[in-house]
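Participant: My questions are about this predicted structure, shown below with the sequence.
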Amino acid sequence: QVQLVESGGGLVQAGGSLRLSCAASGLTFSMYAMGWFRQAPGKEREFVAAISWTGDSTDYADSVKGRFTISRDNTKNTVYLHMNSLKPEDTAVYHCARGPLLKIGYEFDYWGQGTQVTVSS
């Protein structure tokens with residue numbers, strides 16, 4: 001079955017950086033778009049970034065544009081989220097998710113358990 005396992009979260013000071021990883025198994029990874037979402041306490045889950053199956057098309061939430069970069073390595077079945085200039089409002093549990101097969105879209109159907117990111121001021 002599809003499994004998505006995130007790692008790389010932690011505690012960082014404002015202005016710092018982190019790189020999240022999501023290792024995928026149980027799917028033909030190179031054929032699926034992937035995405036990152038986050039959920040802060042008491043808030044709904046929100047879209048952060050998405051990447052096409054080839055990696056040549058990306059999209060970001062306005063709140064992270066210019067600070068976060070999504071990338072993927074199809075040889076390692078892994079998608080990354082590079083986060084720079086972190087702010088306290090970036091504090092959340094970050095989840096990766098599987099997107100559509102061989103197309104650009106925002107239908108996500110499998111989710112990882114998430115990794116906690118905490119940004120101190």
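Facilitator: Looks like it arrived, so ask away.

Participant: Please make it C-alpha for all contacts and neighbour counts, starting now.
Facilitator: Will do.

Participant: Contacts made by stretch 97-107 with the rest, please.
Facilitator: The set of residues external to stretch 97-107 that reach it, using Cα atoms under 8 Å, 6 or more residues apart in numbering, is 4, 31-37, 52-53, 108-112.

Participant: Now do the helices in the protein.
Facilitator: With DSSP state H as the criterion, the chain has no helices.

Participant: Please go through this structure and pick out the longest strand.
Facilitator: Across the chain, the longest stretch assigned as strand under DSSP state E is strand 92-101.

Participant: Contact partners for the most centrally placed residue in the chain?
Facilitator: By Cα atoms, centre = their mean, the chain has its centre lying nearest to Trp36, at 2.6 Å. Shown in contact with Trp36 (Cα under 8 Å, 6+ apart): Phe47, Val48, Ala49, Ala50, Leu81, Tyr94, His95, Cys96, Ala97.

Participant: now that we have the residues you listed, which one has the most neighbours?
Facilitator: Cys96 (31 neighbours; other Cα atoms under 10 Å).

Participant: Show the contacting residues for that one.
Facilitator: Cys96 touches Leu4, Val5, Glu6, Cys22, Met34, Gly35, Trp36, Phe37, Trp111, Gly112, Gly114, counting by Cα under 8 Å, 6+ apart.

Participant: For it, name its beta-bridge partners.
Facilitator: For Cys96, the beta-bridge partners are Trp36 (DSSP bridges).
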